[in-house]
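In: compute the structure for the input listed below.
(2 chains)
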Amino acid sequence: MSAFGTGARLRLLEFVREPTTAALLLVLPPVVVEVYGEAMASFPALPGTTGDPGTTGRIIGALFAAAFLAGLVGLFQAVSARGTDERLHRCGAGRASLLGARVVTMATVAAVAAAVSLAALARTVDVAAPLAAFGALALGALVYGLFGVLVGALLPRQLEGSLVLVFLVDFDNVLASGVLDVGGTVAQVAPLYHPHALFEAAVTDGTVPVDHALGGVAYAAVLLALAFVAYVRVAGGEPA
Amino acid sequence: MTRVVAAARAGLREYRRTPVLLALFLALPAYSVGLFARLAPDEPAALYLGDGAVRAGMPETFAALMTPMAAALAAGVAGLFLLSSSADADARLVTAGYRPTEVVLARLGQLSVVATAVSAVAVAVALTTFTPDHLGWFAAATLLAALVYGALGTLAGAVLSRMAGVYLVLFGTLADLFLFQNPLARDAPDGAAALPGNVPVAVAMDAAFAGGADLGEFAVGVAYLLAVVAAAAVAFYRSARG
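Out: Numbers count the residues shown, from 1 in each chain, chains lettered A, B, ... in the order given. Below is the predicted model of the structure:
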């Protein structure tokens, strides 16, 4: 088996061996979906969204449950890569395959989190296009996962990275909730702007807005490139 | 007492030696409060407070709501990492002759300093957008939110992995302070009154827009704080004893 395959398998085994983390993946998305739905049902009509606030809450909850989990996995993968991956690189493993193994781990978690979140949403909301909805959720999770990798590559420790990621989610969450309608370019730079639009369209009317699909993929591609550059520049650092 | 202060200072010195962390503790709450206050459209909003509805501008509303939330988020993450990052040092302090209660007091003091600092920054930034009707109560409510969530973060750190803990602190804070306690919602969702953010947000909103706050309500919040601090103290104690 290649270094890439071995690395990815090893990282995934590390992930599932941690019982609270594995439980997090399965238990928290349904809880988050319901909590968001119940909480937002008590809002009057929201200025930044159309439709029932409770359904909007569940849609946002599903997206955040998947995206933030992937973001955290990306962050913790990148932080733990310091030192460890440098030693593997000195033993002959290529940097691209080392980062690839980390990204594959994160992407696998993103896919599972997306599936669990979608299943949780589908219990109470009719999903018009399940496959497109899954794709949008997975894209959102991938974007956050890559953000996590980027933050973890740039900031040396889990505490600092967690703080940045938490406040980024805070920003994204408030904008996506529709409680605050800011519109314009500020909303469009939020990481979940395109995945949120795609997911909402897939769930409510079964369409796939091409502009948001392209925008989301481009956003993820830029993040992947930035994450790779940051990873290569800092992978020689000492572990946290 | 000198030994408690020395241990707390040593912990705070660790923060000071990490300028990035120090900058994040100060900049992130400031960014969160300042950004949303400036992004909010300049429109009036109806706020459903305990005694009825009042009208306020959206920028003022968001500044007032994000202030306790930003402080709680930063303190919650700090509390989460404090227990796990200090566990080895605390165990060594006990081996070297510290009483576990001294170590517990030092860590709680360290967390209180962080909570006070992030609260002060968040309130200062909020003041660039609006002046609360009663600044003292508003600042006290923000500090209460930070201390409660700091202690809850510590508890999360005691029972969960760091990754699970960050997830829980983030979603707990967002769901509680931004969704369940949001004064833009006409009726509070079921269970909102029992959540940790209920009193801090209610007091902050009353202080910001309703002329003051209810001392009795604040006392309930302080009792809640004492309960979670007692639980956090037990977690620190067990950690220090190894």
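In: in the chain, which ranges drop under the pLDDT threshold?
Out: Answering for chain A, as no chain was given. For chain A, the stretches flagged by pLDDT under 70 are A:1, A:3, A:45-50, A:156, A:176-184, A:234-240.
In: chain B was what I was after
Out: In chain B, residues with pLDDT under 70: B:1, B:242.
In: quick one: the strands in it, in order.
Out: Along chain B, counting by DSSP state E, strands occupy B:44-49, B:52-57.
In: could you do chain A as well?
Out: Under DSSP E, chain A gives no strands.
In: of all the residues in it, which one is nearest chain B?
Out: Scanning chain A for the residue nearest chain B gives residue A:39, at 3.5 Å (criterion: Cβ to the nearest Cβ). (C-beta placed from N, C-alpha, C; glycine too.)
In: pretty sure that residue is touching residue B:188, no?
Out: No - taking contacts as Cβ atoms under 8 Å, residue A:39 lies outside contact range of residue B:188: 9.3 Å.
In: these two: which has the busier surroundings?
Out: Legend: neighbour count by other Cβ atoms under 10 Å in any protein chain shown for residue A:39 and residue B:188, higher for residue A:39 (28 against 19).
In: for the lengthiest helix in chain A, packing partners?
Out: The longest helix of chain A (DSSP state H) is helix A:53-90. Applying 3 or more Cβ pairs under 8 Å, 6 or more residues apart in numbering or on different chains; DSSP states H and E, we find helix A:53-90 packed against helix A:3-17, helix A:19-40, helix A:95-122, helix A:130-154, helix A:158-177, helix A:193-204, helix A:210-234, helix B:162-173.
In: and those helices, which is most packed in?
Out: Neighbour counts (mean count of other Cβ atoms under 10 Å in any protein chain shown) averaged over each of the helices and strands packed on helix A:53-90 peak at helix A:130-154, with a mean of 27.
In: before we move on, the earlier item: which stretch among the strands of chain B approaches chain A most closely?
Out: Between the strands of chain B, strand B:44-49 lies closest to chain A; by Cβ to the nearest Cβ that is 8.4 Å.
In: quick one: the closest one to strand B:52-57, angle?
Out: 150 degrees (axes from the mean of the first three to the mean of the last three Cα atoms, to 10 degrees).
In: any idea which of the helices and strands packed on helix A:53-90 gets closest to residue B:180?
Out: helix A:19-40 (5.2 Å; Cβ to Cβ).
In: please identify the deepest-packed of the strands of chain B.
Out: Counting by mean count of other Cβ under 10 Å, the most buried of these turns out to be strand B:44-49, with a mean of 16.
In: what does that one contact?
Out: B:53-58, B:61, B:183-187, B:202, B:205-206, B:209-210 (Cβ atoms under 8 Å, 6 or more residues apart in numbering or on different chains).
In: swap the cut-off to 7 Å and go again
Out: B:53-58, B:61, B:183-186, B:205-206, B:209-210 (Cβ atoms under 7 Å, 6 or more residues apart in numbering or on different chains).
In: how about the longest helix of chain A: buried residues?
Out: Buried residues in helix A:53-90, counted by 16 or more other Cβ atoms under 10 Å in any protein chain shown: A:53-82, A:85-86, A:88-89.
In: check the offset of that helix from the chain's centre.
Out: 5 Å (Cα atoms, centre = their mean, to the nearest Å).
In: likewise for stretch B:103-121?
Out: 10 Å.
In: repeat for stretch B:30-39
Out: 17 Å.
In: before we move on, the earlier item: and the angle from the longest helix of chain A to helix A:210-234?
Out: Using the same axes, to 10 degrees: helix A:53-90 against helix A:210-234 is 30 degrees.
In: tilt between helix A:53-90 and helix A:193-204?
Out: 130 degrees.
In: hang on, the earlier thing: could you dump the strands of chain B to CSV with distance to residue B:158?
Out: Converted to CSV, the strands of chain B look like this (distance: least, Cβ to Cβ, whole Å):
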stretch, distance to residue B:158
strand B:44-49, 35
strand B:52-57, 39
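In: if we can go back for a sec, and residue B:20, which of the helices and strands packed on helix A:53-90 is closest to it?
Out: Nearest to residue B:20, of these and by Cβ to Cβ, is helix A:158-177 at 5.6 Å.
In: which other helices and strands contact the closest one?
Out: Packing contacts for helix A:158-177, counted by 3 or more Cβ pairs under 7 Å, 6 or more residues apart in numbering or on different chains; DSSP states H and E, involve helix A:53-90, helix A:130-154, helix B:19-39, helix B:58-95, helix B:162-173.
In: number of residues surrounding the residue in chain B positioned nearest to chain A?
Out: Nearest residue of chain B to chain A: residue B:179, at 3.5 Å (Cβ to the nearest Cβ). Neighbour count of residue B:179, defined by other Cβ under 10 Å: 25.
In: residue numbers of chain B in contact with chain A?
Out: B:20-21, B:24, B:28, B:31-32, B:35-36, B:39-41, B:62, B:73-74, B:77, B:81, B:160-164, B:166-167, B:170-171, B:174-175, B:178-180, B:182, B:184-189 (Cβ under 7 Å from any Cβ of the partner chain).
In: appreciated, that's everything.
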